[in-house]
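Novice: Prediction below, plus the sequence it came from.
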Amino acid sequence: MAKHDLTPVAWRCGRFLFDWRKRTAPVVMGILNVTPDSFSDGGLFANHDAALKQAERLIAEGAEMIDVGGESSRPGSEPLSLQEELDRVMPILEALKDAPVAISVDTYKAKVMAAAINLGIDCVNDIWAFRQPHASEAIKNSACGVMLMHMQKDPSTMQFDPQYKDVVAEVNGFLMERCVALEDEGVERDRLAIDPGFGFGKTLEHNMTMLAHFQEFCQHGLPVVAGLSRKSSLGAITGKDMAHRQTASVAAAMMALERGAKVLRVHDVDQTMDAVKIWVAAQEYL
């Protein structure tokens, strides 16, 4: 894939087209984990009614996308069975499929992807970058958006001494290789978004290096996702526990935005939206 050195024109996600020819703001994606064990909000929204109320709240706060995940990918987590993941996410996706915002499913399992796409969801977010069996087949003949992420090793082992010679170059290279592979299999380029995978097989130094040089991921004409919300690296720097990382999360998201991020994947939509509105307003005076 050639290096284009340009801002992405648009991102096609099912019912939605996020068109940066007509907008300045990033897409703020609200995280909805319907799990008992996610690193930040595990157990809070595992109940069906609680999950739907949280989705309503995130939408009211300004999220243009909701990312529904049924399996924790926190460091050290173990794989979830297919049926259990389906049981967790499908009732929520069914209830949200006609929502006024884009609905994404966070999964690496091809059968979950296929079931969600059959419902009409708008995006598939895969921490494995569609490397698992049949994952690319599940998405290629649909109109859904595609988010592919870099992860070294797997969730159960990814934080056991991650190593890179040049983390930015290696992550960038991996993401471009995966984009080429998906395009070769028939996934249209305007459906692709890339995520460097903060915290997924990276040390504090790796994460901060990627944030400082985030613009390097934004040179391919593809939307780049920034997912730093409440991550342990922010806690290591600030000394704050999970419940008190909102300010650090917003600061990190805004640093990524200033360096070219087009999608901000966050837990704290309200606070992030306030910061984004100030950033957008200031762009008019450049």
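Specialist: Cool, the structure landed.
Novice: Okay, now the unreliable bits of the protein?
Specialist: Applying pLDDT under 70 to the chain flags residues 1-6, 37-46, 76-77.
Novice: Show me the strands in it, by range?
Specialist: Assigned by DSSP state E, the chain shows strands spanning 10-13, 16-19, 27-33, 65-69, 102-106, 123-126, 145-149, 192-195, 225-226, 263-266.
Novice: Turn those into a markdown table, including mean neighbour count.
Specialist: To be clear about C-beta, it is placed using only N, CA and C from the backbone, and glycine gets the same treatment. Below are the strands of the chain laid out as a markdown table (neighbours: other CB atoms under 10 Å):
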| stretch | mean neighbour count |
| --- | --- |
| strand 10-13 | 21 |
| strand 16-19 | 16 |
| strand 27-33 | 26 |
| strand 65-69 | 25 |
| strand 102-106 | 27 |
| strand 123-126 | 27 |
| strand 145-149 | 28 |
| strand 192-195 | 25 |
| strand 225-226 | 27 |
| strand 263-266 | 28 |
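Novice: closest to H244 out of these?
Specialist: Between H244 and the strands of the chain, the tightest spacing by CB to CB is seen for strand 263-266, at 15.4 Å.
Novice: Just give me the neighbour total for the residue nearest to M158 when sequence neighbours are not counted.
Specialist: Distances taken as CB to CB, 6 or more residues apart in numbering place G201 nearest to M158, at 3.8 Å, with adjacent residues excluded. Neighbours of G201 under the rule other CB atoms under 10 Å: 23.
Novice: thinking again about what came up before, okay, the strands of the chain in a markdown table with distance to A236 next?
Specialist: Output for these, formatted as a markdown table (distance: least, CB to CB, whole Å):
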| stretch | distance to A236 |
| --- | --- |
| strand 10-13 | 32 |
| strand 16-19 | 33 |
| strand 27-33 | 20 |
| strand 65-69 | 24 |
| strand 102-106 | 24 |
| strand 123-126 | 25 |
| strand 145-149 | 21 |
| strand 192-195 | 21 |
| strand 225-226 | 18 |
| strand 263-266 | 19 |
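Novice: which stretch among those comes nearest I92?
Specialist: strand 65-69 (5.4 Å).
Novice: Which neighbouring elements make contact with the closest one?
Specialist: strand 27-33, helix 48-61, helix 82-96, strand 102-106, strand 123-126 (3 or more CB pairs under 8 Å, 6 or more residues apart in numbering; DSSP states H and E).
Novice: Need the residues that contact that strand.
Specialist: 13, 27-35, 38, 51, 55, 58-59, 89, 92-93, 96, 99, 101-107, 122-123, 125, 263, 265 (CB atoms under 8 Å, 6 or more residues apart in numbering).
Novice: neighbours around the spatially closest residue to F200 that is not a sequence neighbour, how many?
Specialist: Of all residues not flanking F200 in the chain, M151 sits nearest, at 4.0 Å (CB to CB, 6+ apart). A count of nearby residues for M151, using other CB under 10 Å, gives 23.
Novice: And for L86?
Specialist: L86 has 19 neighbours, counted by other CB under 10 Å.
Novice: Surely it and A116 touch.
Specialist: No: with contact defined as CB atoms under 8 Å, L86 does not reach A116; the gap is 9.4 Å.
Novice: From V124, how far out is the closest residue to I117 other than its chain neighbours?
Specialist: The shortest distance from I117 to any non-neighbouring residue, by CB to CB, 6+ apart, is to S142 (4.8 Å). Look at S142 and V124: by CB to CB, to the nearest Å, they are 8 Å apart.
Novice: Need the overlap of contacts for these two.
Specialist: Between them, S142 and V124 share the contacting residues I117, judged by CB under 8 Å, 6+ apart.
Novice: what's near enough to touch D195?
Specialist: Here D195 is in contact with 125, 147-150, 224-227, 265 (criterion: CB under 8 Å, 6+ apart).
Novice: quick one: which of these is nearest L175?
Specialist: H150 (5.8 Å).
Novice: For that closest one, the count of nearby residues, please.
Specialist: H150 has 25 nearby residues by other CB under 10 Å.
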